[in-house]
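1. predicted model and sequence below, questions to follow.
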Amino acid sequence: MLDRHLPYFIAAILAFNIQLAYAVPAQETCHPASKQEITALFDRWNTTLGTGNSDTVTNNYADDAVLLPTLSNQPRTTHAEIKSYFNEFLAKHPHGTILSRNVVVQCNTAYDVGTYKFDLVDKGQKKTVAARYSFIYTYKNGKWLIAHHHSSLMPEGDKTKTN
């Protein structure tokens, strides 16, 4: 009699194990990072701006990243859209400088939020543009990548200039 019910018994055990696998989430392994490592990610990104290569800059972003750029009203949600933005932005030869920041490091996620300025050339004129920023980084496939990047012009203009 056991021989006849054995296939059903095995199927029940397999079904239970499959259900258990979906019911209990896998434990995430946290990648340790210091605040200094996270602040260095801006430097990495800023250095790639200096290459003038939009592919190199875009490689800093996760595949599912969102870019809400300073100089465009269009949210960028694909690598192609992010690259397109940087094709235009890199033509201005931007170089960023952090003015103030707050960094928080969590399990495989980090936030770098603050203010920065960009020195750039727009229509042959050197300009400095002050903006607020937020970078949210995620640790994926052995690398810290930008998951979300939001940048917006300072609503009261550049208060860092002296008269």
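-> Happy to help now that I have it.
2. skipping adjacent residues, who's closest to the residue nearest in space to the middle of the chain in space?
-> In the chain, the C-alpha closest to the average C-alpha coordinate belongs to Ile146, at a distance of 1.5 Å (C-alpha atoms, centre = their mean). When the adjacent residues along the chain are set aside, Ile146 lies closest to Tyr61, with 4.7 Å between them (C-beta to C-beta, 6 or more residues apart in numbering). To be clear about C-beta, it is placed using only N, CA and C from the backbone, and glycine gets the same treatment.
3. list the contacts of the one you found.
-> 67, 79, 82, 145-146, 149 (C-beta atoms under 8 Å, 6 or more residues apart in numbering).
4. next one: Tyr116
-> When contacts are counted by C-beta under 8 Å, 6+ apart, Tyr116 touches 96-99, 130-131, 133, 151.
5. again, only this time at 10 Å
-> Taking C-beta atoms under 10 Å, 6 or more residues apart in numbering as the criterion, Tyr116 is in contact with 42, 46, 70, 96-101, 129-133, 151.
6. please narrow those residues to those residing in helices.
-> Filtering the contacts of Tyr116 for membership in helices, criterion DSSP state H, returns 42, 46.
7. widest-spaced pair of the contacts of Tyr116?
-> Across those, the longest distance by C-beta to C-beta is 17.3 Å; it joins Arg101 and Val129.
8. what's the burial count for Ala131?
-> For Ala131, the neighbour count with other C-beta atoms under 10 Å is 19.
9. the contacts of Tyr61 in helices, which ones?
-> Within these, membership in helices is found for 79, 82, as judged by DSSP H.
10. out of the contacts of Tyr61, which end up buried?
-> 67, 79, 82, 145-146, 149 (16 or more other C-beta atoms under 10 Å).
11. redo those residues as a markdown table? Include pLDDT.
-> Supplementary listing: those in a markdown table, determined by pLDDT from 0 to 100:
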| residue | pLDDT |
| --- | --- |
| Leu67 | 98 |
| His79 | 97 |
| Ile82 | 98 |
| Leu145 | 98 |
| Ile146 | 98 |
| His149 | 98 |
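12. and of these, the nearest to Pro32?
-> The nearest member of these to Pro32, counting by C-beta to C-beta, is Leu145 at 16.7 Å.
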